[in-house]
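*Asks:* predicted model and sequence follow; I will ask about them next.
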Amino acid sequence: MGPSSTAAGGGPPAEAAEGAAADLLDQAAQLLSGRFAVLTGAGISTDSGIPDYRGAGSPKRTPMTIQQFLSDGSFQQRYWAGSYLGWPRFLAAGPNGGHVALADLEAAGRVLGIATQNVDGLHGRAGSRHVVEIHGSVDRVVCLRCGQLFARGAVAERIEAANGWFVGGATVTLNPDGDADVGDVSAFVVPDCTVCGGTLKPEVVFFGEFVPKERFTEAAAIVTRADALLIAGSSLAVNSGIRLLELARRRRIPIVVLNRGPTKGDRAATLKIDAGTSETLAALRDRLLP
C-alpha cells in the first residue's frame, strides 16, 4: 500500500525512507498548488559545502553562546580567529539547485517569500527577492555600542592587517556559521569599532540570544498570507522555526516537511518527505511549473 497524507496536525505523516518517490512528490505538488511560504534551515545549504549542526556527519561541536561572547575577551578572540579562517570558504560557497529552484518558484509567483534560519545569504545570491533572514547574516558586522554596521569583508581586511602571523592552512574545517576551530589565539588582536572603539559582533543571532521581534514578525507575515507552508532542510530544533510551524498549524494550512532525518515538526506535518533538499526541490519545481 502506498503512503498517504494526513490533515495538518491530524496524525502521523506520510514518509519516504530514502529518496523522494514520485507519488510523494505528486502529493507535495498538490498540497503546494496555491501560493506558499517557505522556511529553510541548514540542510538546504549542505550541498553548497556548508555543514549543519545536527545532520548525519555534522561536526560535533558546541556553538559559542552570546553569554560567552560578551563575558570574556578570550571568547571574542576565539570567535574572530575562527571566523577569519572560515570566512574565505564560507564566501566561496555558492547557491545549489535547491536555492535556485525556490528562486524560480518565487519568480513565477508561487513562493510568497522565504524565512530562512541560515546566515549564509545563499537565497539572495540565487535570485530570491523576498527573504527574511531570521538569524541575521554573517556578511554584516555591528558595533554593540554605537550600532555602526560594517561589511564583513572590510573587517576581514583589518583582522589580516593586525594579525599577520595568523595564517590559515588547507586543513581548515568549516563550521556551520562560517567559522573554524582554532588552537592558541591568546595573541590574536580582536577588531573593534572604528567609530567608537566598541565591541564588534557579527549581525547574527548567537545561541542564547533572542531573534529581533520585527524580524520574526516579518517572517510570520509570510506564513499568515500563504496557502501552505514548505519546510526544507530544518530539523526545527530552534524555537523560531517551531513558532512558524505552529502558526501554520493553527491556520490549518497544509504543511510539507522536507528533511533528511527526523524533525520536531514531523507529527504536525501534512506530508513528510525524508530526502535531500536540492534534488527534491528541483523535482517539485518541475511539477509546479509545467
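*Replies:* Good, I have the coordinates. Numbering: from 1, shown residues only.
*Asks:* grab the nearest non-local neighbour of residue 123.
*Replies:* Using CB to CB, 6 or more residues apart in numbering and skipping residues adjacent in sequence, the residue nearest residue 123 is residue 131, 4.6 Å away. The C-beta positions use only the backbone N, C-alpha and C, and glycine is treated the same way.
*Asks:* just want the most central residue of the chain.
*Replies:* When CA atoms, centre = their mean is applied to the chain, the residue found nearest the centroid is residue 118 (1.9 Å).
*Asks:* wait, it sits on residue 39?
*Replies:* No. Between residue 118 and residue 39 there is no contact under CB atoms under 8 Å: 10.6 Å.
*Asks:* summarise which helices and strands the worst-scoring helix or strand of the chain on mean pLDDT is packed against.
*Replies:* Lowest on mean pLDDT, DSSP states H and E among the helices and strands of the chain sits helix 73-92, with a mean of 88. Counting contacts by 3 or more CB pairs under 8 Å, 6 or more residues apart in numbering; DSSP states H and E, helix 73-92 is packed against helix 66-71, strand 136-143, helix 152-162.
*Asks:* if we use 10 Å, what do you get?
*Replies:* Helix 73-92 sits against helix 66-71, strand 136-143, helix 152-162, strand 200-204, with contacts defined as 3 or more CB pairs under 10 Å, 6 or more residues apart in numbering; DSSP states H and E.
*Asks:* list the contacts for the closest residue to residue 67 other than its chain neighbours?
*Replies:* Nearest residue to residue 67, sequence neighbours excluded (CB to CB, 6+ apart): residue 208, at 5.5 Å. Residue 208 sits next to 63, 64, 65, 66, 67, 68, 69, 70 when contact means CB atoms under 10 Å, 6 or more residues apart in numbering.
*Asks:* pull the contacting residues for the fifth one.
*Replies:* Spelled out, that is residue 67. Residue 67 sits next to 75, 206, 207, 208, 209 when contact means CB under 10 Å, 6+ apart.
*Asks:* any idea which element the last one lies in?
*Replies:* Assigned by DSSP states H and E, residue 209 belongs to no helix or strand.
*Asks:* ramachandran angles for it?
*Replies:* With angles defined as degrees, to the nearest 10, residue 209 sits at phi -110, psi 150.
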